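**Q** pasting the sequence and the predicted coordinates here, then a few questions.
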Amino acid sequence: MSERTTIRFTLNGHAVEVSAPPMQRLLDVLRETCGLTGAKNGCGEGDCGACTVLVDGIAVVSCLVPVIQIDGAEIRTVESLAQGDCLHPLQQAFLERDGTQCGSCASGFLMTACSHLEHGGDTSDAELRAALSGVLCRCTGYNRVLEAVQQAAEGAGHHAGDRL
Amino acid sequence: MPATQNPVTSFAQTAFSERALGQNVPRREGAAKLCGKACYVDDLPRQDVWFGGTVRADVPHARLLGIRYDPRFDWSCVVVVTAADIPGENVVPVVMSDQPALTDSIIRYHGEPVALIAAPDVETLQQALDSVTLETAPLEPVFEIDDALAAKVLVDDSDNVFRHIDLRKGDAVAALQSADVVIEGEYHTGAQEHVYLEPQGMQAEPTEDGVIIRGSMQCPYYIVEGVALLLGLPPEKVRVIPCVTGGGFGGKEDFPTLIAGHAALLAHKAKRPVRLIYDRVEDLRYTSKRHPARVRHKTGWTRDGRLVAMQIELVLDGGAYSTLSPLVLQRSAIHAAGPYQCDHIHIAARAVATNHPPRGAFRGFGAPQSLFALETHLDYCAAKLGLDPIDVRRRNVIRPGGTLACGQNVGDDAAVGEVLERALTESDFVARRQAYATFNQRASSSTSVERFRRRGIGLSLFMHGTGLNGNAEGFFKSEVLLRGNSDGKVSVLTDLMEIGQGTQTIVAQLAAEGLRLPVEWVVAEEPDTAVSPNSGPTVASRTAAVVGGLLITAGQRFRAKVEHRSGGPILDAYAFRSAVAELVSQEPLQVRVAYRPPPDFHWDEETQQGDAYLAYTWSCCVVALEVDTLTGEVKVLDVTAVQDVGRVVHPLFATGQVEGGVTQALGWALMENCVWSEGVMKNANMTDYTIPTAMDVPPMRVVFLEHPHPRFPHGAKGLGELPAEGPAPAVANALRQALGIHFDRVPITPEIILPAWEDRQS
Amino acid sequence: MPAIVSDHRVHTPSDVDDALRFLADHRDEGWRPLAGGTDVMVGIYRDHTGGQRWLNLSRLQAPLAGIRREDDLIRIGALATMADLRKSSLLAAACPLIGQAAAVVGATQVQNRATVGGNIVNGSPAGDTLPVWLALDAELELASTRGRRQVPYEQFMTGYRRTVLESDELLTAILFRPRSDERLRMYFRKVAPRAAQGISKLVFAAIAGLEDGYLHEVRLAFGSMGPTTIRARAAEQLAEGKPPSLSLVEKAAETLARDLTPIDDHRSTADYRHRVARNLVREFLAGNLGDHIPAAR
């Protein structure tokens, strides 16, 4: 019954070749075949955004991408952001502003924000809320997230020790 | 930016002046979460793991006659578990322990687990699940509170009432007779789903003579007890090693015991690790919800707005099994008369059985339901009395030395009036209320787009009792353990779970505060029941306050022990660290502290009178909103939350707790609507069960008043649940100003608002 | 529970002709186009429907994803994504409703994948862009080895998730006449349970000309108000050629029920949908009546 196909793509800068059923979700291929579990399966229908990754620089929900469609693409996941012990400015800002609590939504926000900022997206409050509205968070109420992204965008060095 | 290490300068010079308490220490596990390296249960290695699934009843109430296995499926390649395979007791132990792990006779809710299957891969599992059918004989189901109370059809084995609580202070019936005015109201609140972003999941691994459980949870020792009972093992043969847990909000308090038991049964029979993960639909349909409630108020007033008597009848829909309902009911009842001084109160509270999936713990634990009713009713009464709702609250708010409905004297812990005044100031309430009145007046005669806009501002005043109710804290005898390490750092061992609220970080802070050491030198060990003491469950806003107090004490004793053994006070932090290392090299160095109730703390479970809680946190929530009268849609403009939670351990985390709690409550108030049909949730997916997005959430102003409470050595009173308790009535009260309509239920959806508004216009 | 996906089959044609030939050769084998996958994947994983066959269009983007002017028409390739629609300055000038509609389909991550063709072929009455095509009198270009035909969007949907698309046909483009006339009044509104990422309770797109104080070419188009997207024809006819007076607005609003047939479901109620439809039509028609606007209800 099983039809498998060979898919080649770039994953966080490395060439990857996987054999998978063509309609398998990119999310499952990343988590199970490639062993990158940073993208989470929060809802399985593209609502929560916890599985967001970048395909050719564009943020997509990997639970809705059949792996057949990423043949030849360049995929970036949350695991690509930090360089060794050095956090990406977005991660640093999330740490300092407490932009993630339980952590399930973290990679979703980081990758969505990453794509938004890389494409020169607006960081005004309203624009950012719209840009991040595809990632659901049940812990923070979003305001810490917004602050973190704005801080990263500004490159401002607010210290975690600052009282609000 | 090496931020995986704390980017803090050396503590050498500042060790003793630097206080750990009240500092925004970086989140311990923050970098791991942000790098995608934090390991949640479904992130565990998949090698050699089988996958489990649940065969569920497809009727809400029936007799189970048999289970049919389609012979076309090759059953030799999977493992099936039914009630008959349970080596121990077929029960999920909670309060009344009435719920079986797998039913073998009566089906009491749609989705009730009947059998379990494990398979080597998920596709085989799915095929196996699709190849099972249940033979059932239907029984009449009960879905409504009134039908449950009528008890013509019994869901449980007695009278459909899980628990009945009568809370009496003075003589409410007589006092109502003497009141100038008596005002009645009836209020309804809906079920709410937790929507922790990580669905429920467990993995069980058989060992030679026991089992290891890993998974997503709030209460590791609940699972030890549950799995031991189910497998017929002594508790020490069940080791629980929690994974990083993606949110809980109460939803992972008791429910994980069921899944852990299921995973354990499968692993036991399959003799290999089995992972049981719910997908979102399964999680939404079959896990617990906030109890739907009906609350009736009959309130006696003097003409000038003094509370004379409160008669409150409260009913919670507990679903098919009692789970935590008896305790949720208790908190709901105790909070039902709110933070007000009234000499004559009668609260009659019942939790009833229906054929819905069992309800359970959810942030606030029954208090949001009764407080919604109360705080909405107060504004309704103020309007009837022709008084300002602010003045009505000012007049009746509890003052130092006042007594709550349960007879508890709050002593000096009574900043509720101050909280109210501060919230009025912070939100500029009175001026904005006036401005909105003007706005609405102008809108009603406007010709611009403004004519379809109405604005309102409303508030609520409320409290939350810290920790478990009454004698329960004493029952748990929670323990914490500090242990010296060979490098001179100090480890903290508890079973408290980090579920987003920052437990690992604040546990280290609190121990460091007691130790008077830099927080970086305190290691918060991950919970593992093989080594962690039972510090009680991670629930009830008790972590920072109750267990936090133990940690402070443990830190102080640890320091005393080290200084004693080293021959005197050690002022320098490095010297202290060296002393610890030195002592550890000779023999193990540890300090264990267990909870004991304060000597002046008395609770009578019989009469439900006395000290219901160790302390109270107080809060006032102000919501400003705008209604689009074309659609009935509500846009929340801003929220102000002022609270006295005693000392704030971590201001940034505390702010996040408030903002998150307010957001959840705004969802409950306005959009989170569980649509039930024949006991099944019809909108069981995250597209149709809508929680707020970033675009739905307004800016918030969060203010803490810090009145340290003397019952806790560090003065912190807890915070987790409080912020979720006030926004819903504040929304209803703001809508009252915006539209002039009394909304007596949540969620207040546009489907309710628009017809009410249009009918009022015509 | 993860779905069974290993028995799904996929064919990936390299160009449009290849795709049409394949469909012609395998007409009755149930092959369905797979564009951005944002609806297809939800279906597979929620409904656990196994054994399906997919014609993967991901290599046809070059010929089928463009947005351009073609003589006096605008042509949107069926594989243009919602993000493409949202960002297109050509479309913003030709009809701003399109970008507004595309911006409320799911969230950014979905808009980056979801295609306009998918939204149309999917045939859901709740599709957020659909009333716009109806209001625009858009035409759909359907291709097969038998040739190309143009079908008015209004005739495309024949019932709940039913369309006139034949099993050997592909939707290749949407064509419409640009509406940049300043005398045109346009309106788009999606009413959903939350500010972002909601399934519509109701979508409303409307276009009308106002010349010398008279309404003409009035289009009132609704989604989620029946088994298909629907034009409120009775109300349109009532308004056609008349000045938008207060009484006309009220009459038009009251006439809507002749065409709209919403239902009670887990997302909303028929009553609510009717009320909102009336109010939005009132707002649209009365939108710039100035002093003649009725006082607030």
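**A** Sure, I can see it.

**Q** shaky segments in chain A?
**A** A:1-2, A:156-164 (pLDDT under 70).

**Q** ok, the residue in it that chain C sits nearest to - contacts?
**A** Here the residue of chain A nearest chain C is A:Gly134; by CB to the nearest CB that distance is 2.6 Å. Yep, even glycine has a C-beta here, placed from its N, CA and C like the rest. Applying CB atoms under 8 Å, 6 or more residues apart in numbering or on different chains, we find A:Gly134 in contact with A:49, A:52, A:59, A:61, A:108, A:112, C:106-110, C:196-197.

**Q** got it, and B:Cys243?
**A** With CB under 8 Å, 6+ apart, B:Cys243 has these contacts: B:Cys39, B:Tyr40, B:Val41, B:Asp43, B:Leu44, B:Arg214, B:Gly215, B:Ser216.

**Q** between those residues, which has the most around it?
**A** With neighbours taken as other CB atoms under 10 Å in any protein chain shown, the top of those is B:Ser216, carrying 32 neighbours.

**Q** so that one touches B:Gly246, yeah?
**A** Yes: assessed by CB atoms under 8 Å, B:Ser216 is found in contact with B:Gly246 at 6.5 Å.

**Q** who touches both of these two?
**A** Applying CB under 8 Å, 6+ apart, one finds that B:Ser216 and B:Gly246 are jointly contacted by B:Tyr40, B:Glu198.

**Q** find the closest residue to chain C in the stretch 301-450 of chain B.
**A** Closest point on the stretch 301-450 of chain B to chain C, by CB to the nearest CB, is B:Thr447, at 4.5 Å.

**Q** report how many residues lie close to C:Arg146.
**A** C:Arg146 has 12 nearby residues by other CB under 10 Å.

**Q** contacting residues for it?
**A** Neighbouring residues of C:Arg146 by CB under 8 Å, 6+ apart: C:Ala24, C:Asp168.

**Q** for it, give me phi and psi.
**A** Backbone torsions of C:Arg146, given as degrees, to the nearest 10, read phi -80, psi -10.

**Q** now do the one 4 residues further on
**A** As for C:Gln150, its main-chain torsions (degrees, to the nearest 10) stand at phi -110, psi 130.

**Q** who does the closest residue in space to it that isn't next to it in sequence form a beta bridge with?
**A** Among residues not flanking C:Gln150 along the chain, C:Glu139 sits closest, at 4.7 Å (CB to CB, 6 or more residues apart in numbering or on different chains). C:Glu139 has these beta-bridge partners by DSSP bridges: C:Pro152, C:Leu175.

**Q** so C:Glu139 sits right up against C:Phe176, yeah?
**A** Yes: counting by CB under 8 Å, C:Glu139 touches C:Phe176, with 7.0 Å between them.

**Q** quick revisit: and which of the contacts of A:Gly134 is nearest C:Leu280?
**A** Closest to C:Leu280 out of those is C:Ala196 (19.7 Å), distances taken as CB to CB.

**Q** show me the contacts for residue 73.
**A** No chain specified, so I'll use chain A. Listed by CB under 8 Å, 6+ apart, the contact set of A:Ala73 reads A:Phe9, A:Thr10, A:Val55, A:Asp56.

**Q** look at chain C instead
**A** By CB under 8 Å, 6+ apart, C:Leu73 lies in contact with C:Leu175, C:Phe176, C:Arg177, C:Pro178.

**Q** ok, A:Val53 next?
**A** A:Val53 sits next to A:Leu26, A:Leu30, A:Ala39, A:Ala59, A:Val60, A:Ser62, A:Ile75, A:Arg76, A:Thr77, A:Val78, A:Met111 when contact means CB under 8 Å, 6+ apart.

**Q** distance to B:Arg108, neighbour count and secondary structure added to these, as TSV?
**A** Shown next, in TSV, are these (distance: CB to CB, whole Å; neighbours: other CB atoms under 10 Å in any protein chain shown; DSSP: H, G, I helix; E, B strand; the rest coil):
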residue	distance to B:Arg108	neighbour count	secondary structure
A:Leu26	40	30	helix
A:Leu30	40	25	helix
A:Ala39	38	25	coil
A:Ala59	44	31	strand
A:Val60	42	33	strand
A:Ser62	39	29	helix
A:Ile75	47	25	strand
A:Arg76	48	20	strand
A:Thr77	43	24	coil
A:Val78	42	30	helix
A:Met111	43	29	helix
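
**Q** cool, thanks, talk later.
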